[in-house]
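K.L.:
Below are the sequence and a predicted model for it; my questions follow.
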Amino acid sequence: MIETVALTGSTNADMMVRADAGAPEGLWLRAEQQDGGRGRLGRQWLSPVGNLYCSTLVRLRPDDPPAHLLAFVTALAVHDTVLHILPGCGARLKWPNDVHVEGAKLAGILLERRGDAVVVGIGMNVALAPDVPGRSVTSLRDLGAMTQIDAQAVVELLADHFAARLAQWRSVASATLLDVWCAAAHKPGDAMAVQRGPGDRIEGVFEGLAHDGALRLRLSDGRIETISAGDVDLVG
Ligand SMILES: O=C(O)CCCC[C@@H]1SC[C@@H]2NC(=O)N[C@@H]21
């Protein structure tokens, strides 16, 4: 079920309230606009009318795979949705869970967990690409999607793709899921810079993922850094 509201602060915050009240897995909430949209690493997510802002809920079961892999599951579902709409657009995943087209960000994902509840929040630029200083940003419309492809149409497709990827997460080995993610992402040997925190930026080349999904970065002296949280810029 997909509920839509005109305006809220953050669909992630709203979904956490629903989760605390016992909402079941599979519920979706979409807002036409957010005035307190939350991004990764404490950033704000600009949320004007026209784009997709939605959250869904996953209830962790005792024998589920590791919950942090839901970041990869969600990225794959968003990637599936984008390719469903624009099959030839060349969308790629960027660690851990951004969706880009030719270096421009198209969608972002924010997971928040409390107990057995994981709130999965997705923002996708459908009709417009907000100005984000220092960032290249694109939208489905910029990439050629027809005007019939509005945020409601996108969330309906996304809910189906997410359900399929969630079932895959529960049924295949984690290594297989990460291989599927890697096939849709930047390639080993790609140059990148990773911002691990304020003033902590390192450069290297992508060396694939560790077994838990952490990023492996080969530095110029040959050492491998394994990074669990950060912001990746593809360089060169
Ligand atoms: O920084 C990122 O890349 C993640 C952005 C996630 C934004 C979405 S919009 C819907 C949901 N509600 C929020 O407040 N954030 C997420």
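P.N.:
Done, it's in.
K.L.:
For the protein, which residues are neighbours of the ligand?
P.N.:
Counting by C-beta under 6 Å from any ligand atom, the residues of the chain close to the ligand are 10-12, 34, 37-40, 43, 45, 53-55, 98, 108-110, 121-123. The C-beta positions use only the backbone N, C-alpha and C, and glycine is treated the same way.
K.L.:
run the last query once more with 8 Å
P.N.:
9-13, 31, 34, 36-41, 43, 45, 47, 52-55, 97-98, 105, 107-110, 121-123 (C-beta under 8 Å from any ligand atom).
K.L.:
wait, what's in contact with whichever residue of the chain sits closest to the ligand?
P.N.:
Using C-beta to the nearest ligand atom, Gly108 is the residue of the chain that sits closest to the ligand, at 2.2 Å. Counting by C-beta atoms under 8 Å, 6 or more residues apart in numbering, Gly108 touches Gly39, Arg40, Trp45, Asn97, Asp98, Val99, Ile122, Gly123.
K.L.:
Which helix or strand contains it?
P.N.:
Remark: Gly108 resides in strand 104-114, with elements defined by DSSP states H and E.
K.L.:
What residues sit buried inside that strand?
P.N.:
The neighbour-count check on strand 104-114 (16 or more other C-beta atoms under 10 Å) flags Lys105, Leu106, Ala107, Gly108, Ile109, Leu110, Leu111, Glu112, Arg113 as buried.
K.L.:
The first one contacts Ser139, doesn't it?
P.N.:
The reference is to Lys105. No. Assessed by C-beta atoms under 8 Å, Lys105 is found out of contact with Ser139, at 9.9 Å.
K.L.:
Residues in contact with both of these two, list them for me.
P.N.:
Taking C-beta under 8 Å, 6+ apart as the criterion, Lys105 and Ser139 both touch Asn125.
K.L.:
which SS class is Leu29?
P.N.:
With DSSP: H, G, I helix; E, B strand; the rest coil as the basis, Leu29 sits in strand.
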